[in-house]
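> following is a predicted model, sequence given first.
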Amino acid sequence: MKVLAISGSGRKGGNTVTLIRKVCDELEAEGIETEIIELAGQVIRGCGDCRLCIERKDRKCSIKTDEGLVNSIFEKMVAADGIILASPVYFGDVTPEIKAVIDRTGRVNRANGDLLRRKVGAAVTVARRAGTMHALNSLNHYFGIAQMITVGSSYWNVGFGGPKGEVEKDDEGIKTMIDLGRNMAWLIKKIAA
């Protein structure tokens, strides 16, 4: 069993990946393999609505400007049992990088028979102050239209922190991520049984 976690943060090793690592630590303690992909430093363009993925049905996005990054991410999503999408809040919503991944993999997924159907999904957001709920909803919408099963925690899957590392001081946010990891592991194991 495996979970793929994607950090949409523009800052490598920042608060978003810190929260993801807390979830992944719990998954790994339950015997579930994890992989974290950080989009920081990547130039990822959004969907151009060319519809070639619908025409070709080859499980690939036709956009080549990211050197196959989004196609690689999509194949890892298909191979995974669970997917975590995480983003810091930028002006009240998710980052453009994670949104591009959502739009492009979402279109390819639907064009190829809903390959992510019934996988487990969890969204995670982090903000200095506000906007986490809107961003969380943006990420959760992906899981819904992909026919995935979302998992929750003991609170909304959010954390608070501005400067790098500050989220570590958010005790409730950290506990929420630990509980999320445990709940995600439980659900993945139930589905696999």
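Yep, that arrived.
> going forward, measure contacts between C-alpha atoms and count neighbours the same way
OK.
> please look at Arg117 and Gly144 and confirm they touch.
No: counting by CA atoms under 8 Å, Gly144 is not a contact partner of Arg117; they are 9.5 Å apart.
> which of those two has more neighbours?
Per other CA atoms under 10 Å, whichever of Arg117 and Gly144 has more neighbours is Arg117, with 17 against 13.
> in a helix, that one, correct?
No: Arg117 is assigned coil when assessed by DSSP: H, G, I helix; E, B strand; the rest coil, not a helix.
> so what's the residue count around Arg59?
Around Arg59 there are 21 other residues, counting by other CA under 10 Å.
> can you give me the distance of it to Glu75?
Computed as CA to CA, to the nearest Å, the Arg59 to Glu75 distance reads 8 Å.
> what's the answer for Asp170, then?
34 Å.
> next one: Met177
Distance from Met177 to Glu75, by CA to CA: 26 Å.
> which strand or helix spans the residue positioned nearest the centre of the chain?
Residue closest to the average C-alpha location in the chain (CA atoms, centre = their mean): Leu85, at 1.1 Å. Take DSSP states H and E as the rule and Leu85 turns out to sit in strand 82-88.
> listing partners with orientation, what would you give for that strand?
Applying DSSP bridges, strand 82-88 is found paired with strand 2-7 (parallel), strand 120-127 (parallel).
> what does the nearest residue to Ser153 once chain neighbours are set aside show for phi and psi?
Using CA to CA, 6 or more residues apart in numbering and skipping the chain neighbours, the partner closest in space to Ser153 is Leu180 (4.7 Å). The phi/psi pair for Leu180 (degrees, to the nearest 10) reads phi -60, psi -50.
> what about Leu180, how many residues nearby?
If we define neighbours as other CA under 10 Å, then Leu180 has 27 of them.
> tell me the contacts of it?
By CA atoms under 8 Å, 6 or more residues apart in numbering, the contact set of Leu180 is 23, 151-154, 157.
> make it 7 Å
23, 152-153 (CA atoms under 7 Å, 6 or more residues apart in numbering).
> now, which of those residues sits nearest Gly162?
Gly162 has its nearest neighbour among those in Val23, at 19.7 Å by CA to CA.
> I figured that closest one hits Met177, correct?
Yes: using CA atoms under 7 Å, Val23 is in contact with Met177, at 5.1 Å.
> need the overlap of contacts for these two.
Counting by CA under 7 Å, 6+ apart, Val23 and Met177 have no contacts in common.
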